[in-house]
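Please find the sequence and the predicted model below.
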Amino acid sequence: MDKIILALESSCDETACAIIKNDELLANVISSQIEVHQKYGGVMPEIASRLHLENILCVIDDALKKSNIKLDDISAVAVTRGPGLIGALHVGLQAAKTISLIYNKPLIPVHHLAGHIYANEFVKPLKFPLLAVVVSGGNTELVYMKEHLSFEIIGETKDDAIGESFDKVARVLGLPYPGGVAIDRLAKEGKHTYHLPEPLKDNSLNVSYSGLKTAVINLVHKEEQNNRSINIKDMAKSFQDTAIKELLDRVKRATSIYDVKQVVLAGGVSANSYLREEIQNMYKDSSIDVIIPPIWCTTDNAAMIAKVGSYLYDKKIFAPLSISVDPSWKIENYLKF
């Protein structure tokens, strides 16, 4: 019997639905809100929730048509339960609950970051034990996996996520949202001329970006007060180099401490061209395999939720209809709902 998973994703500013059949991706529909939120310089939670409500039925209908699948045909419905924006998460979960109830299909709650990790399986199979470098606007974590669906956080940010720091630095430099894209583009034309502090000088696997972000903001304001202009391209390059070096130092340390056969990038910041290039260079002469996700997998999508949902379906990990969202759900607690 065919295994057909319909998946929904609505954790932030993308409303998405995907359908996989026996792990073959049949449809991956995304309705993005980026253009709406750009005028505010970031995601506005209430607006995001309202737009999810407007778009959720459209993406479901579109995915069903593209895959030539009916809701009666699906084996289960998977949905992002967290982490994310509470109102946005509710839209996806309520839609999934409705499908589950009406069509009597199992409901599978999926951790958003697990989805980003498993998006790499659209490139090639995961190889264990592995180190997942999860980097996004809301999260920065080093996740150690001994086997499928086994998650251990061995390092994380002590304050700001790396993507959050990129966005905030971009804003003070007058760059558009999302800031990471703008900084990545300008850094290619700049030089590392600004001396910025190394974020966290210790022997842990944790990172810190609040101090680095604040140093850039203070430097920009100081130059403005002295009627001097910042070279935006050089600042973009200096900031990006420093931020990525902090992360890669921790990654390298982790792979020297733990038994690791594979390193995978995951999350929105994994689209950063400098990070993608440097992490491949770091392990090019190593026995450690590196997976770089395709760009379409770095942004939020439901295909990655379907991929995790498929593994959970095989293990018969289903949730009752009484389940609620968890905006702060830790990946290590993905079975606690």
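Cool, the structure landed.

CA only for contacts and neighbour counts going forward, please
Fine.

For the longest helix seen in the chain, which helices and strands make contact with it?
Scanning the chain for the helix with the most residues, using DSSP state H, yields helix 232-257. The contact analysis (3 or more Cα pairs under 8 Å, 6 or more residues apart in numbering; DSSP states H and E) places helix 232-257 against helix 179-187, helix 210-225, helix 273-282.

list the buried ones in it?
For helix 232-257, the buried set under the neighbour-count rule, 16 or more other Cα atoms under 10 Å, comprises 232-248, 250-251, 254-255.

Would you mind finding the most buried of the helices and strands packed on helix 232-257?
Comparing the helices and strands packed on helix 232-257 on average neighbours per residue, with mean count of other Cα atoms under 10 Å, the densest one is helix 179-187 at a mean of 21.

which other residues reach that helix?
Contacting residues not belonging to helix 179-187 are listed as 163, 166-171, 175-176, 232-238, 240, 269, 272-274 [Cα atoms under 8 Å, 6 or more residues apart in numbering].

tell me the angle it makes with helix 273-282.
70 degrees (axes from the mean of the first three to the mean of the last three Cα atoms, to 10 degrees).

Quick one: distance of helix 179-187 to the chain centre.
Using Cα atoms, centre = their mean, to the nearest Å, the mean C-alpha position of helix 179-187 is found 17 Å from that of the whole chain.

Which helix or strand in this structure has the lowest average pLDDT?
The helix or strand of the chain with the lowest confidence, counting by mean pLDDT, DSSP states H and E, is helix 34-38 at a mean of 75.

Put the alpha carbons of that helix into CSV.
C-alpha atoms of helix 34-38 as CSV (Å, rounded to 0.1, in the frame of the first residue of the first chain):
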residue,chain,number,x,y,z
ILE,A,34,8.4,38.3,2.4
GLU,A,35,7.3,41.2,0.2
VAL,A,36,4.6,42.1,2.7
HIS,A,37,7.0,42.1,5.7
GLN,A,38,9.8,43.9,3.9
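
buried stuff in the helix or strand just after that helix?
Scanning forward in sequence from helix 34-38 by DSSP states H and E, the next helix or strand is helix 45-67. Across helix 45-67, burial judged by 16+ other Cα under 10 Å covers 45, 47-49, 51-53, 55-60, 62-64, 67.

in the stretch 1-150 of the chain, which spans are helices?
For the stretch 1-150 of the chain, applying DSSP state H, counting those that start in this stretch gives helices covering 34-38, 45-67, 86-103, 112-118.

Can you lay out these as JSON lines showing distance to A16?
Formatted as JSON lines, the helices of the stretch 1-150 of the chain follow (distance: least, Cα to Cα, whole Å):
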{"stretch": "helix 34-38", "distance to A16": "14"}
{"stretch": "helix 45-67", "distance to A16": "6"}
{"stretch": "helix 86-103", "distance to A16": "9"}
{"stretch": "helix 112-118", "distance to A16": "13"}
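
Go through the ones you listed and name the closest to Q225.
For Q225, the closest of the helices of the stretch 1-150 of the chain is helix 34-38, at 27.5 Å, according to Cα to Cα.
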